[in-house]
Structure formats: structure tokens, C-alpha cells
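>>> quick one: sequence and predicted model below, then my questions.
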Amino acid sequence: MEKRAIVAALLMAGLLILYQTFFVHSPEPPPPPQKAEAPAATPSSPSASSPIAPSQAAAAPTPVPVAAVPLKTVQVTGPLYKAQVSSHGGDFSAWELDYRGMKPMIVPGLLGPRGITVERAGQPPQLVDFTVTGESLDLSRMAGRGEITLVGEDGFGLRITETLRFRGDDYDVERSLRVENRGRAAQEATIVVMWGAPVTWPKDVTERFQGQHPTRVVRSGNGGVRHEDLAKIADFVSDGQWIGLESEWYLAALVAQTPGFRLAEGKVGDTVHAGLRVALPSLQPGQSWDGRILSYVGPKEYYRLKALGVGLEKSIYFGGFPIPQAYGGLPMEWIAVPILWLLGWFHRFTHNYGVAIILLTILTKVLFFPLTLKSMRSMKAMQALQPQINALRSKYKSDPQRIQRETMELYREHRVNPLGGCLPMIVQIPVFYALYVALSVSVEMQNAPFICFGHLFGMHLWICDLAAQDPTYVLPILMGLSMFVQQKMTPTMGDPRQAKMMLLMPVVFTFMFLNLPSGLVLYWTLSNVLQIAQQLYMERSGTPAKPLARAAKKA
């Protein structure tokens, strides 16, 4: 039985390690490379913000003189974020989340949107300058809603009008685009809206918060979602509804809300671009085209993303069990999403995610108590039979097959299932794994305190961030001690040397958990404590194992 217990313990430990190493970022298999719509833009062009070149037009239009537009920014203030809209490019020049501290999602010149660009055959990409009225937008004073309108000219007769509609209660912005041909000839062009991010974060720039630097491009398409590491990005254009730059907990996404848009990604030097592009139909003089885009810049909260109704919640990758979902593993989303809902539900009443984790752990222990009880009884029954099994080993030590037959006969006689102690544990492993996954990917844990007394010499006292490790290492040590007590109380069978080896497991697990998020360590520690309580209940109840009770009556 010790061998099975060791295997089960090692399996659970291995799952924790393998998940972080392989499964969190395991995307679906990448599609075969596709050719871009047209040759790449000239590298020397001053506004080559898009790695994908424009589609070929029938003829180059005549340039139209455009008056210089002074640079202007409009401040947007809301309960969830602070933003700036720049007239240069008509896009966000600043976006700072008010999410358990101020978290800048845009770093000028390094990370952020590249503005609205017009591409046409025979011309370099043109970043549009806009005129904008108004100085600021305070969403808290306008019933949580407001809009900004920008008007710009591309220098060839196209007038672009962009209207940004903000909401105070969410991180999405609806962007309406109208392109009007004010020239004297028909025109064809491509409108490009992109975000950019460095493949590697510069060493001289401090990352302001965990997850500020995007590490992957995520996009929808072909009925699924694909995640690609920034280092592996190549020029690529595909069909789909949305695309974004993501870290484990934050997302900047662009969602196409009208037909015609295509998803585009590519790399220029050490910078990756991802966004939307649309080839305009041939616009006759006086004709116009209208399109809509939804921008989302915020945390990857599952139910907030799901409420948008465009599938952005699929950007959260829960992995698969015991292998990635893309290769046939059990989708952890089925179990992890209800767990996230329960965490949120508990938090609404407790206003503390640490307490929510405690309540969730208690709930899972209560639900699995019948299985745990059955496992403990089976282990006690196996322990009671151990002297007879040892006697068989001594009697038939030169005949291993005879030992196996006699042992199985002994199990049948006393109605003991040798797998009875492990099967209930194996059934629970996917749920425990889903708990681990849910706590790992949950942005709600970031900067969420449990028991926080403040700071001393720049160090948290005690758990001021459930997504970070315990800086005092008190919680991992408590976890190791609780695991040691649990091991001492667990019925042992077989070789005493194996039992001594099992006592090393708490030491191994303690070192494994030193650098894990304290929310996970809290869950595991409390789970051990509740397991000890269940074992004490079994000891004090004095309930004998049923098979041995029947055997005693028979004797």
C-alpha cells in the first residue's frame, strides 16, 4: 500500500510541477504558415507600424494638402482606469488600471497601440493625425458613459472619423470608424489598427507589476483559440473575430464587430505587432465605409470577459488533465470555471480572497468526505492484514507467484480491496488539480491580501498578496509540518524502510512550495489540517473496518 501511496503523492507533486513547466502555456497546435496578403512594407518607411503590407490598389491617388494638426491629448477618468487619447494616431497614449494599485498597460515607445494607419499601393503607411475637441472626460460624472470624436485626413482625400465610447463599469471601449472619400477619384486603401510589444522586456525598464509584459499573442479562429509565444511570431494574416497581446493575467485585445476585418500579426525587429486590418471596398467620390471595433484593456477576469459575448474568456487557458487539452486531455475549464465562480461568490460575502480559499477548501473536503472515509477504512483493513501477509512472504519467500496467489486469496477471504485505499484518492486528483489551476490563473488573487499587517524593511507582513510567495516562509513551513503530522497518523503497511522514506515527502514538498503563490500554499495547508481532523475522527470513533469485523465474527 505504501507504494501506491508514494505513487499517488508523487503524481500530485508531479502535476504541480509539470503544469507550471509545460501546461499553462501549452497552446493548441499552431496552424500551417500562410502567406501574407502582399509583400512586406518597406522597412525604411517612417510609419511602418504594421508588418503586413497593404493590398494592391488599381491606381495611386493624388496627394491632397492637409493642414498641420497640433498634438493634443484628452484625459479620460473612470472608476476602473485612467486613460489618455492622443490626436496623433487617434488611439490611447496611456491606460492605467486602477486594479489593486495603479497598473500601467501602456509604456510609451515600448508597449501599446500604434494608432490608426492607412496603407495604399505605392505609398508608405500613413499614420493619421486627428483633430479632437474637449479637454477631459470624467465617467463618474456622466452616468458612467461618455464619448470622444476625432476627425482626420490621410493626405490623399480620405476623411476618417473615429468615435470612442467609454463605459465606467468595464474595461472595453467601442470604436466606430467612418471612412469617406472626399477626393475626385475612386480610392482603395487598407485601414490598420495594431498593438505592439517587445519580445524581450528591456533590462533598463522596470516592470511595474507582475504581468505587465505580454508574453503571447492570442487570437480566435477556426472554431478555437490559439496562443503563440512572442518569440515565435511571424507575418501572418488570418480570419477570426479577435486578437490580442496577453500575459498570464492581463489582456489587450481588439475585437472586430463588423465584417471585413482580418487578424494580422508580425514582427519588426524586436517588436511584435498584433491587430486588425480591413481592405476597404473601392470608394467612389462621396462614398463612405463604416466599421466597428471593440477594444478591451484589462484583467483576465473570466466572467467579466464572458459578459462581453465575443469569446474573450477563451483567452484564459486552464490546460488539460493529465495532458494538454489540444492533445486529448480532459478540459480543466469544466471544473476550474465553477471553482472560480465559487471563489467569487464567497468573496462577495467575506471581502477577503484568503477566507474565500478557506471556505472553498472546507467545501471540497466535505464533498469528498465519504470517499476519504472509505479510503481510510480500506487502509486500516490492509494494515490489520499486514501480519498475515508478512507471514505468507516468509513462508513462500522462494515462490513469488505463490505469494501473490495466497495474498489475493487472503484479500478475498476478508473482502478487502487492495485498491480501495487509492481509488478514492485517484478520483479526487482531477478536482485537486483543477483547484490548483483555478488559483494559478486567477487574476483576482493578484495583490489580494489575506492577513496583512503592513510592511517592514520593504517586506510584506504577513500575506499581503495571495498571488505572490510568502516572504516570511511561515506558511510553507506550516504546510510541511502539517504534512509530517498527516504522514505519522496514516496507517502504514509493508517494509518499515518505506515508511521512513515517506517521512521525507514533507521535506520535499516544503521546498517545492517555498516559491509558489501563497494562495495555493494556503489551500494545501488547510487541506492537510482537515485531513488530520478526519483521521482523528476515525481514530476516536472506533469504527472498525467492516471486512475485518465480519472476519472476526466468522472466527
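Everything's here; your move.
>>> could you use CA atoms for every contact and neighbour count after this?
OK.
>>> ranges for the strands of the stretch 51-200 of the chain?
With DSSP state E, counting those that start in this stretch as the criterion, the stretch 51-200 of the chain has strands at 73-77, 81-86, 92-98, 102-104, 112-119, 126-127, 129-132, 136-138, 145-153, 158-167, 172-181, 190-198.
>>> contacts for the shortest one?
Strand 126-127 is touched from outside by Ser47, His88, Gly89, Gly115, Ile116, Thr117, Val118, Glu119, Asp154, with contacts defined as C-alpha atoms under 8 Å, 6 or more residues apart in numbering.
>>> that strand - what's its average pLDDT?
Averaging pLDDT along strand 126-127 gives 92.
>>> that strand pairs with which strands, parallel or anti?
Strand pairing for strand 126-127, determined by DSSP bridges: strand 112-119 (antiparallel).
>>> quick check: buried residues in the strand it pairs with?
Gly112, Pro113, Arg114, Gly115, Ile116, Thr117, Val118, Glu119 (16 or more other C-alpha atoms under 10 Å).
>>> for the fifth one, give me its contacts.
So the one you mean is Ile116. By C-alpha under 8 Å, 6+ apart, the residues touching Ile116 are Gly89, Gly90, Asp91, Leu127, Val128, Ile191, Val192, Val193, Met194.
>>> dump the residues you listed into TSV; add neighbour count as well.
Output for those, formatted as TSV (neighbours: other C-alpha atoms under 10 Å):
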residue	neighbour count
Gly89	21
Gly90	28
Asp91	23
Leu127	22
Val128	20
Ile191	21
Val192	27
Val193	23
Met194	27
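>>> tell me the one of these nearest Val173?
Val173 has its nearest neighbour among the contacts of Ile116 in Asp91, at 11.1 Å by C-alpha to C-alpha.
>>> and the residue lying closest to that closest one once chain neighbours are set aside, how far from Pro125?
Nearest residue to Asp91 in three dimensions, chain neighbours excluded: Gly115, at 5.1 Å (C-alpha to C-alpha, 6 or more residues apart in numbering). Here the criterion is C-alpha to C-alpha, to the nearest Å. By it, Gly115 lies 11 Å from Pro125.
>>> same deal with Gly269?
For Gly269, the distance to Pro125 - C-alpha to C-alpha - is 17 Å.
>>> who has more neighbours, those two?
The neighbour comparison of Gly269 against Pro125 (other C-alpha atoms under 10 Å) goes to Pro125, with 25 against 9.
>>> for the more buried one, which non-adjacent residue is spatially closest?
Pro125 sits nearest to Glu119 (C-alpha to C-alpha, 6+ apart), 4.6 Å away.
>>> surely that neighbour touches Val128?
No. In this structure, Glu119 is not within contact of Val128 by C-alpha atoms under 8 Å, at 10.6 Å.
>>> okay, now the unreliable bits of the protein?
1-62, 64-67, 142-143, 328, 418-425, 457-459, 490-501, 541-555 (pLDDT under 70).
>>> for it, longest strand please?
Across the chain, the longest stretch assigned as strand under DSSP state E is strand 288-299.
>>> mind listing what's buried along it?
Neighbour-count burial for strand 288-299 flags Ser288, Gly291, Arg292, Ile293, Leu294, Ser295, Tyr296, Val297, Gly298, Pro299 (criterion: 16+ other C-alpha under 10 Å).
>>> ok, now stretch 456-474?
His460, Trp462, Ile463, Cys464, Asp465, Leu466, Ala467, Ala468, Gln469, Asp470, Pro471.
>>> re earlier: in the buried residues of strand 112-119, find the pair that's most separated.
Gly112 and Glu119 (20.0 Å).
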